[in-house]
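Asks: Sequence and predicted model, in that order:
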Amino acid sequence: MNSTLILTVCAPDRPGIISRISGIVTDGGANWLESRMARLGGHFAGIIRIACENEPSADALQKALTGLSAEGIKVDCHIEGLPSAPPLARCMKIDIYGNDRPGIVSQLTMAISHTDANVEELETVIESAAMAGHPIFHASGIVCLPDSAADDKLIEIIENLSDDLNVEISPATAD
């Protein structure tokens with residue numbers, strides 16, 4: 001029986017981290033399915049999904065990956081479970097701009113959850129405003145909504161968080 005593992009990785013950034021992890025995955029007979037990686041605040045952060053042929057090889061692979069902590073690479077392994085809920089009906093790409101302030105991500109995600117939507121992907125960054133130079137918050141990602149949720153309701157609930165938020169929503173394209 002195949003086992004699928006979700007790996008979360010964090011380490012002080014340096015060359016060779018992905019090479020080291022992918023070598024262990026390959027040597028363990030697993031297949032690299034998908035990943036998201038970034039450099040944040042001088043650290044490498046990644047999420048990786050791999051498939052193992054069977055449970056014993058997954059156990060050995062988990063042991064080898066968590067052993068990387070001796071090299072300063074923290075890897076947590078999680079066995080992929082069954083989805084807890086059926087996928088939502090439609091996914092939308094969101095782009096949100098506004099003045100930066102503490103708590104904006106919490107407010108934004110809480111507003112999205114109040115529409116029974118699910119955040120599938122979210123990337124946030126602080127940018128310098130053109131001409132003014134003050135910090136501007138920018139969030140972009142994919143939000144999936146149930147059929148019962150209207151797009152304009154999602155825009156309205158986000159824009160109601162603050163007078164300075166600009167929200168753009170468009171259908172997400174399939175990759």
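Replies: Noted; the coordinates are in hand.
Asks: Packing partners of the helix or strand of the chain with the lowest mean pLDDT?
Replies: Least confident element among the helices and strands of the chain, by mean pLDDT, DSSP states H and E: helix 151-159 (a mean of 84). Contact analysis of helix 151-159 by 3 or more CB pairs under 8 Å, 6 or more residues apart in numbering; DSSP states H and E lists strand 90-99, helix 104-113, strand 135-145, strand 166-171 as its packing neighbours. For every residue, glycine as well, the C-beta is placed using N, CA and C.
Asks: So for I126, which of these sits nearest?
Replies: strand 135-145 (4.9 Å; CB to CB).
Asks: Direction included, what does that closest one pair up with?
Replies: Sheet neighbours of strand 135-145, with direction, are listed as strand 90-99 (antiparallel), strand 118-128 (antiparallel) (DSSP bridges).
Asks: From R20, how far out is L65?
Replies: Applying CB to CB, to the nearest Å, one obtains 10 Å for the distance of L65 from R20.
Asks: now D164
Replies: The span separating D164 from R20 equals 44 Å under the rule CB to CB.
Asks: Check G46 too.
Replies: Distance of G46 to R20, computed by CB to CB: 12 Å.
Asks: out of the two, which sits in the busier spot?
Replies: Using other CB atoms under 10 Å, the more surrounded residue of G46 and R20 is G46, with 18 against 14.
Asks: Show me how far the helix or strand hosting that one is from its chain's centre.
Replies: Following DSSP states H and E, one finds G46 within strand 43-52. Taking CA atoms, centre = their mean, to the nearest Å, the mean C-alpha location of strand 43-52 is offset from the chain mean by 11 Å.
Asks: What strands line up against that strand, and which way round?
Replies: The strands beside strand 43-52 in its sheet (DSSP bridges) come out as strand 3-12 (antiparallel), strand 31-40 (antiparallel).
Asks: The helix or strand that the first one is followed by to strand 43-52, inter-axis angle?
Replies: Tracing the chain C-terminally past strand 3-12 and defining elements by DSSP H and E, one meets helix 17-27 next. On the basis of axes from the mean of the first three to the mean of the last three CA atoms, to 10 degrees, helix 17-27 is oriented at 10 degrees to strand 43-52.
Asks: residues making contact with helix 17-27?
Replies: The contact list for helix 17-27 (CB atoms under 8 Å, 6 or more residues apart in numbering) reads 7, 9, 11, 31-32, 37, 44, 46, 48, 50, 61, 64-65, 68, 71, 73, 75.
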